[in-house]
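Chemist: fold the following.
(one chain, ligands or ions: 1)
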Amino acid sequence: MNKSDKIFVAGHRGMVGSALLRRLKSEEFKNLLTRDRAQLDLSDENAVANFFAQETPPIVVVAAAKVGGIKANNDYPVEFLLENLRIQNNVIRAAYENCARKLLFLGSSCIYPKFAPQPISESALLSGPLEPTNEAYAIAKIAGIKLCQAYAREHGANFISAMPTNLYGPNDNFDLETSHVLAALLRKAHEAKTRRDPKLVVWGTSKPRREFLHVDDLAAACVLLLEKYDSPEIINVGCGEDISIHELAELICEVVGFDGELAWDTTKPDGTPRKLLDVTKLRVLGWKPMIPLREGIAQTYQWFLANYAEG
Ligand code: GFB
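Modeler: Numbering: from 1, shown residues only. The predicted structure is shown next:
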């Protein structure tokens, strides 16, 4: 990849796309192509086809997706399935038809079976039933992986797919109904501290374990994969360590400075019991995460205070 190659980042306003843009800029890639939603509706097949015919980007990153936490995924399976299929089908197909040299599709660790052996290696894909709370999203992401692999096998396209673990960082979604756990707990702890609430309510039993990666670490991995990874076989991106939701809640309360009690709302779903990725393949390529969890949470809390918190 040359520093002057035109790189289209689909979804550049999102947490992942914006981190990738920051990283590409810091590595002095000079020809970055973006369109916001008002300029280009990625779910509109004709609009996407016309855009690609005009711009013919040689490098494409599919960071655009309808994403959300456990509740949003569970409540809106139709939207998660349809919108993601539309966006990824349009972008991947248009990239191929306009001779893109390389495409990176971003999936998710929820593509793996609910009870996959831990840490989860790439070979676990399609080896068992999925977690029901995010089955629709996972099926859409699996379809995206399979489409990239089909273009590679049938037409020799260099279309690759990376599977990030649970992500967090600047530009995360802090809406309590639709966010992922880390952003939700940061906001809840901040508001509980501000209101001097005696307790903070955490969803589920607190026992599930998750692996959290700062989105800037993912962005570095994406650039490395664009430069060095040319296989249609999926590749995991994670930090290699997980913690329980209980431990996460305690850590967040410490960082935010909330010293009330934790309470558990067990009417809310737990989701998959554990989701820790095997990242051997990526480490062999020379990548390792740089941002420890506590430091990443503290930095994200500062971002939240500067950009989101009221008052
Ligand atoms: O991050 P999260 O929403 O999604 O939830 P998943 C992770 C765990 O945190 C679950 C618990 O066990 C939740 O019950 N949790 C505790 C909370 N308190 C809260 C809270 O206030 N908000 C939220 N959101 N969770 C998602 C998938 O699964 O992971 C997506 O739904 C995607 O498809 C994403 O793959 C990476 O980790 O369970």
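Chemist: from now on I want contacts and neighbour counts done on CA atoms only, so please keep to that.
Modeler: Noted.
Chemist: put the alpha carbons of stretch 101-110 into PDB.
Modeler: Only the C-alpha atoms of stretch 101-110 are listed here, as PDB (Å, rounded to 0.1, in the frame of the first residue of the first chain):
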ATOM      1  CA  ARG A 101      -7.000  -4.000  -5.100                       C
ATOM      2  CA  LYS A 102      -7.800  -4.800  -1.500                       C
ATOM      3  CA  LEU A 103     -10.800  -4.700   0.900                       C
ATOM      4  CA  LEU A 104     -10.900  -5.200   4.600                       C
ATOM      5  CA  PHE A 105     -14.200  -6.300   6.100                       C
ATOM      6  CA  LEU A 106     -14.700  -5.900   9.800                       C
ATOM      7  CA  GLY A 107     -16.600  -8.600  11.600                       C
ATOM      8  CA  SER A 108     -17.100  -9.300  15.200                       C
ATOM      9  CA  SER A 109     -16.300 -11.900  17.800                       C
ATOM     10  CA  CYS A 110     -20.000 -12.700  18.100                       C
END
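Chemist: and that stretch, how far out from the chain's middle?
Modeler: Put simply, stretch 101-110 sits 10 Å off its chain's centre (Cα atoms, centre = their mean, to the nearest Å).
Chemist: pull out the buried residues from that stretch.
Modeler: 102-110 (16 or more other Cα atoms under 10 Å).
Chemist: is the ligand contacted by that stretch?
Modeler: Yes - with Cα under 6 Å from any ligand atom as the criterion, the ligand is reached by stretch 101-110 at 108-110.
Chemist: same list (the residues you listed) but as a markdown table, adding secondary structure and pLDDT.
Modeler: Formatted as a markdown table, the residues of stretch 101-110 next to the ligand follow (DSSP: H, G, I helix; E, B strand; the rest coil; pLDDT from 0 to 100):
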| residue | secondary structure | pLDDT |
| --- | --- | --- |
| S108 | coil | 97 |
| S109 | helix | 98 |
| C110 | helix | 97 |
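Chemist: between the residues you listed, which is nearest N236?
Modeler: S109 (7.8 Å; Cα to Cα).
Chemist: who's in contact with that closest one?
Modeler: 163-166, 236, 275, 277 (Cα atoms under 8 Å, 6 or more residues apart in numbering).
Chemist: need the nearest residue in space to it, chain neighbours excluded.
Modeler: Nearest residue to S109 in three dimensions, chain neighbours excluded: T165, at 5.1 Å (Cα to Cα, 6 or more residues apart in numbering).
Chemist: ok, that neighbour - how many residues close by?
Modeler: 25 (other Cα atoms under 10 Å).
Chemist: hang on, it packs against L277?
Modeler: Yes - the criterion here is Cα atoms under 8 Å, and T165 meets it with L277 at 6.9 Å.
Chemist: of the buried residues of stretch 101-110, closest to the ligand?
Modeler: Nearest to the ligand, judged by Cα to the nearest ligand atom, of the buried residues of stretch 101-110 is C110 at 4.4 Å.
Chemist: which bits of this structure sit near the ligand?
Modeler: Going by Cα under 6 Å from any ligand atom, the residues of the chain near the ligand are 68-70, 73, 108-110, 134, 137, 166, 179-181, 184-185, 202-204, 208, 245, 269-271.
Chemist: again, only this time at 5 Å
Modeler: Residues of the chain lying near the ligand by Cα under 5 Å from any ligand atom: 69-70, 110, 134, 166, 180-181, 184, 202-204, 270-271.
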